[in-house]
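Enquirer: Got a sequence here, can you model it:
(4 chains)
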2 protein chains.
Amino acid sequence: MSTHDSDRLPPERPGQPGGKRDRNRKRRHEQLRQAGLRLFLDHGVDQVTIDDLAREAGTAKGNFYRYFTSKSELVTAVLAPVADAVRDAFDQAQARLEEAHDDASLFAAYQSLALGLIPVAMTEPDVVRLYLQESRAPASGARAPIRALADEIRERSVELTEFAVDHGLLRIPDPRISALAVVGAVEQLAWSSIGGELDAPPAQIAGTLISLVLEGIRSR
Amino acid sequence: MSTHDSDRLPPERPGQPGGKRDRNRKRRHEQLRQAGLRLFLDHGVDQVTIDDLAREAGTAKGNFYRYFTSKSELVTAVLAPVADAVRDAFDQAQARLEEAHDDASLFAAYQSLALGLIPVAMTEPDVVRLYLQESRAPASGARAPIRALADEIRERSVELTEFAVDHGLLRIPDPRISALAVVGAVEQLAWSSIGGELDAPPAQIAGTLISLVLEGIRSR
DNA sequence: AAATAACGTGACTGTGCGGTCATTCTTTGT
DNA sequence: ACAAAGAATGACCGCACAGTCACGTTATTT
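Expert: Below is the predicted model:
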């Protein structure tokens, strides 16, 4: 009969939401997530094996599959906080932009995007770094979730700027080119900053980039 | 005695420089290079096995090792044309910059950089794409040569702009930030363009980016 | 406290990988 | 034409991997 042929691994959550089972489960989940983050950063997602992950998390191999069905699913979990923050920040910015009517409110919309992104970049630099490290991976395999997030970021950035242009808030010839250029600049600066190649404080980097975008190099 | 303990695989070149051996050898080398380029793009460098490469190149596995000692060495060979062009272009630009004295000659130096890079990007888009795809990989493993090239590009870009600032040719507060922002913008635009997400012609993309950098968004 | 069910373990299996090598084929030098 | 050397082959070895599973442990329910 099999009411649910598919209730295989991993099983449902334990009984009480605040009980010992629930806490233990969350702890293991987080241990595996942290192990993944460390190993992925050091060796690249593709090079890390399930054995490596289990060992680094201090548990047995078979147990890994009680929490994640695949490495790809773990990658999604590792990325989750950043992915959520990114989506929220774009939603916010889009909502504000839809009610914008002048230069000031346009600026405020873009500012809300930045203000939504900066906190997570400060609290989770390693996750951001992992994203940047593998963000242009082929769309198949364990790195796929990272690539998907990258595609979403580019898409929504372009969307946002096209909306501004369509509603007469911004007057630039090709919004797609400008939006992608800014995304590329932001990502490269974040990458160099997190990697320690740029010792300037993030606030200064952001300020320099904003004035560069608004006024160009000539103005200085 | 062993005059040469280390003349193991891969062996020296065959007798005549223009003979059949030489031609065959060059052909196989190129077949393996093309096979690598295709497979690396489709599946990512780390996911491709030596068996895959040999099969795609239409040869036997053992033969691979007559041409490359490792996957990493093949990656280096795949990248070679772009790596060479990049180095040459930076050398050129640096030489011009050292003799620059005003705005016009500064512009000419940067222009020579662009003019050195554009041809190889047009003739070898796949190699550029592979570089962009894996350019932020960890420094160990088969992707290492790609990462090395990326580091070199960033380093020399910063160097170039710092030189211009130090010699009073450019007046910007932090040359490192500006240089990296431009590198990021260029790479992102190249990535999107090669990936078909931007249908604008390269010349228009370049023009828009240049005016964006020089004058900012406000000017339009 | 007994029964139940999720958690946790590590051995096990099959598969596929990197790298080697004896052998055969092709080119070259004489 | 013949010998010498490089090119090419694919079977083979050892190993490491993904995924499974029977069994022991710990928390939860009754």
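Enquirer: how about stretch A:87-98 against chain B, any contact?
Expert: No. Figure legend: stretch A:87-98 not in contact with chain B (CB under 8 Å from any CB of the partner chain); closest approach 15.5 Å. C-beta here means a position set from N, CA and C on the backbone, and glycine is covered the same way.
Enquirer: Now do that stretch, average pLDDT.
Expert: What stretch A:87-98 shows for mean pLDDT is 97.
Enquirer: before we move on, what about stretch A:113-124?
Expert: Stretch A:113-124 comes out at a mean pLDDT of 96.
Enquirer: Give me the spatial nearest neighbour of A:Leu32, chain neighbours excluded.
Expert: Leaving aside its chain neighbours, A:Leu32 sits nearest to A:Ala57 (4.7 Å; criterion: CB to CB, 6 or more residues apart in numbering or on different chains).
Enquirer: Am I right that that neighbour is in contact with A:Arg27?
Expert: No. The criterion here is CB atoms under 8 Å, and A:Ala57 misses it with A:Arg27 at 10.4 Å.
Enquirer: related to what we said a few turns ago, which ones are touching the residue nearest to A:Leu32?
Expert: Going by CB atoms under 8 Å, 6 or more residues apart in numbering or on different chains, A:Ala57 touches A:Arg28, A:Gln31, A:Leu32, A:Gln34, A:Ala35, A:Phe64.
Enquirer: Just send those residues back as JSON lines, with pLDDT and distance to DNA strand C too.
Expert: What follows is the contacts of A:Ala57, written out as JSON lines (pLDDT from 0 to 100; distance: CB to the nearest atom of the strand, whole Å):
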{"residue": "A:Arg28", "pLDDT": "97", "distance to DNA strand C": "4"}
{"residue": "A:Gln31", "pLDDT": "98", "distance to DNA strand C": "9"}
{"residue": "A:Leu32", "pLDDT": "98", "distance to DNA strand C": "10"}
{"residue": "A:Gln34", "pLDDT": "98", "distance to DNA strand C": "15"}
{"residue": "A:Ala35", "pLDDT": "98", "distance to DNA strand C": "13"}
{"residue": "A:Phe64", "pLDDT": "98", "distance to DNA strand C": "8"}
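Enquirer: tell me which of those is nearest to A:Gln188?
Expert: Checking the contacts of A:Ala57 against A:Gln188 with CB to CB, the nearest one is A:Gln34 at 26.9 Å.
Enquirer: Just checking the distance from the one helix or strand that closest one maps to to the centre of its chain.
Expert: A:Gln34 belongs to helix A:20-43 when assigned by DSSP states H and E. Centroid displacement of helix A:20-43 relative to its chain, using CA atoms, centre = their mean, to the nearest Å, is 18 Å.
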